[in-house]
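Novice: Sharing a model prediction with you, sequence too.
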Amino acid sequence: MYSKRIDGRGFDELRKMEAKIGVVESADGSAMFKIGDTIAIAAVRGPRDLHPKFMQNPKRGTLRCNYNMMSFSVDERIRPGPSRRSREISLVTENALMPAVNLSDFPNAVVDVFVEIVQADAGTRCAGICAASLALADAGIPMRDMVCAVSVGKVGDKILVDLNKHEEDYEEGCSDMPVAMLPGRDEISLLQLDGKMKKEEIAEALELAKKSCEKILEVQRNALMEKYKNG
Ligand code: UDP
């Protein structure tokens, strides 16, 4: 039984969110997305010529993502450099963003997205995707939709949203399901499941993810509006 969340939130309640555009001056586009104690910064470079040339696609530009957790982002220092986990998350981030970007006007070019997790309390791949989507919009990359992402899952006997690290480590069992959505197109671009859930539970969790993505979209939209309000 998981009758009360450790941090007192409702089961359908997201942690406090904050988003900001233009946090890395040297990048073509950038954003910060914070949810609870998880903070992601995304920086976009490009479109620019892709090298080596044999990797170029003459039909459209290439989206390339790199996810990295900074050494000091958690209490136990993380070894710097790529790992199996960071490679996997870079790939799923790329796949989650791909349906939203339209790179057909940029043949042979690459758009690089660098996601840095500066502080981690679970849900980092989702926070990274939210930040990256904002950074791509900030860079002026043509987009079909925003991408919103959140982790849903089952802790003990409860279906809930936006698990923190304590919940992910819950002794009596936890299933974690990161989801990314294109809310305007009603499409899912990322769905992973770490653990076990019944079919009905997955359906319930997906419904919760959809409602939560609407709240995330509002935060993203406000951050973009804030930028244009300030010129
Ligand atoms: N984590 C950690 N050390 C690591 C990797 C992850 O302490 O080397 C923590 C961090 O808080 C992270 C959480 O474990 O957010 C869950 O990691 P997971 O691989 O499930 O991905 P995430 O939920 O962050 O997308």
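Specialist: Cool, got the structure.
Novice: Ramachandran coordinates for Glu187?
Specialist: phi -120, psi 150 (degrees, to the nearest 10).
Novice: Apart from its neighbours in sequence, what residue is nearest it?
Specialist: Pro99 (6.3 Å; C-beta to C-beta, 6 or more residues apart in numbering). For the C-beta atoms, the positions are set from N, CA and C on the backbone; glycine is no exception.
Novice: Please verify my assumption that that neighbour contacts Asp186.
Specialist: No. Pro99 is not in contact with Asp186 according to C-beta atoms under 8 Å; the separation is 11.8 Å.
Novice: What lies in contact with the strand or helix carrying Leu91?
Specialist: Assigned by DSSP states H and E, Leu91 falls within helix 84-97. Contact partners of helix 84-97, identified using C-beta atoms under 8 Å, 6 or more residues apart in numbering, comprise 63-69, 113, 115, 124-125, 128-129, 132-133, 136, 147, 149, 180, 189-190, 192.
Novice: Now go through the residues you listed and say which are in strands.
Specialist: The members of the contacts of helix 84-97 that map onto strands under DSSP state E are 63-69, 113, 115, 149, 180, 189-190.
Novice: now, which of these sits nearest Pro142?
Specialist: Lowest distance from Pro142 to the ones in strands among the contacts of helix 84-97 (C-beta to C-beta) belongs to Leu63, with 12.0 Å.
Novice: Would you mind listing what in the protein touches the ligand?
Specialist: By C-beta under 6 Å from any ligand atom, the residues of the chain that approach the ligand are 74, 78, 85, 120-125, 151, 165, 168, 176, 178.
Novice: quick one: least confident of the residues you listed?
Specialist: Across the set of these, Ile78 stands lowest in pLDDT, at 92.
Novice: can you pull the contacts of the spatially most central residue of the chain?
Specialist: What sits nearest the mean C-alpha location of the chain, by C-alpha atoms, centre = their mean, is Ile129, with 2.2 Å. Contact partners of Ile129, counting by C-beta under 8 Å, 6+ apart, are 93, 96-97, 147-149, 180, 190.
Novice: if we go to 6 Å?
Specialist: 93, 96, 147, 149, 180 (C-beta atoms under 6 Å, 6 or more residues apart in numbering).
Novice: And it, what's its pLDDT?
Specialist: 99.
Novice: where does the nearest residue to Glu226 once chain neighbours are set aside sit relative to the ligand, distance-wise?
Specialist: Leaving aside its chain neighbours, Glu226 sits nearest to Ile21 (7.0 Å; criterion: C-beta to C-beta, 6+ apart). For Ile21, the distance to the ligand equals 23 Å [C-beta to the nearest ligand atom, to the nearest Å].
Novice: Neighbours of Ile21, how many?
Specialist: 21 (other C-beta atoms under 10 Å).
Novice: Which one's more surrounded, Pro99 and Asp186?
Specialist: Pro99 (16 against 9).
Novice: Am I right that the more buried one sits in a helix?
Specialist: Yes. Counting by DSSP: H, G, I helix; E, B strand; the rest coil, Pro99 is located in a helix.
Novice: so what's Leu182 up against?
Specialist: Neighbours of Leu182 in contact, by C-beta under 6 Å, 6+ apart: 100, 145, 147.
Novice: All set now, cheers.
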